[in-house]
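Enquirer: I would like the atomic coordinates for the input below:
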Amino acid sequence: MKKIILAVAVLAFQLSFSQQKSSVKIVESKKTELTSELSKDKIDLYNHSFLKFVAALKASDKNAVSSLISDKVKDVVNDNIIQKLSGGISFERKTEVYKSGYQKVMDNETYPAIQYKYADDTLDPPRDIITVIFENDGKILGVKPEYAK
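Expert: Have a look, this model is predicted:
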């Protein structure tokens with residue numbers, strides 16, 4: 001009987017340690033790592049698409065914005081997101097390409113991406129960066145403005 005109680009006690013002790021909850025903390029990094037470099041032709045294609053997108057945001061043209069974004073995100077993008085994005089991009093400041101390359105996204109696929117900085121920002125790295133992820137055909141998959149606080 002003592003052996004059974006001892007075995008149950010040891011088993012209960014091990015079970016209590018295996019049932020402890022651990023908290024997972026998600027930390028979002030401000031740095032977006034881009035791999036390799038895009039060709040000049042690809043940068044021109046994607047840059048043209050981004051400039052049209054910014055012009056559509058500035059004009060609040062929802063149809064133009066919808067035509068420039070990827071079909072993968074059309075069902076997620078609503079008026080509220082477009083309004084927040086319009087507030088996150090400064091239309092008065094001129095943008096220029098800071099870095100380009102490929103970025104892996106949540107579905108483990110790699111897409112072309114360009115990081116833009118404002119032309120009047122002379123710091124290295126720049127204080128404010130806009131990361132834009134594209135599909136290969138030039139449609140915009142995601143836009144993430146990052147501003148220094």
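
Enquirer: for stretch 115-126, measure first residue to last.
Expert: Stretch 115-126 has an end-to-end distance of 10 Å (C-alpha to C-alpha, to the nearest Å).

Enquirer: pull the distance from it to the chain's centre.
Expert: In terms of C-alpha atoms, centre = their mean, to the nearest Å, the centre of stretch 115-126 is found 18 Å from the chain centre.

Enquirer: the longest helix in this structure is where?
Expert: helix 40-58 (DSSP state H).

Enquirer: state the mean pLDDT of that helix.
Expert: Per-residue pLDDT over helix 40-58 has a mean of 92.

Enquirer: ditto for stretch 74-92
Expert: Mean per-residue pLDDT for stretch 74-92: 84.

Enquirer: can you give me how far that stretch is from the chain middle?
Expert: 14 Å.

Enquirer: which parts of it are buried?
Expert: Neighbour-count burial for stretch 74-92 flags Val77, Ile82, Leu85, Ile89 (criterion: 16 or more other C-beta atoms under 10 Å). C-beta coordinates here come from the backbone N, C-alpha and C atoms, glycine included.

Enquirer: stretch 108-121 too?
Expert: Tyr111, Pro112, Ala113, Ile114, Gln115, Tyr116, Lys117, Tyr118, Asp121.

Enquirer: you'd agree Asp121 is up against Arg127?
Expert: Yes - if you go by C-beta atoms under 8 Å, Asp121 and Arg127 touch, sitting 5.7 Å apart.

Enquirer: would you map the strands across this protein?
Expert: 95-104, 110-118, 129-134, 140-146 (DSSP state E).

Enquirer: so what sits opposite the closest residue to Tyr98 other than its chain neighbours in the bridge?
Expert: Of all residues not flanking Tyr98 in the chain, Lys117 sits nearest, at 4.0 Å (C-beta to C-beta, 6 or more residues apart in numbering). Lys117 has the following beta-bridge partners by DSSP bridges: Glu96, Ile129.

Enquirer: was I right about Lys117 contacting Asp128?
Expert: Yes - contact criterion C-beta under 8 Å: Lys117 and Asp128 qualify, at 6.8 Å.
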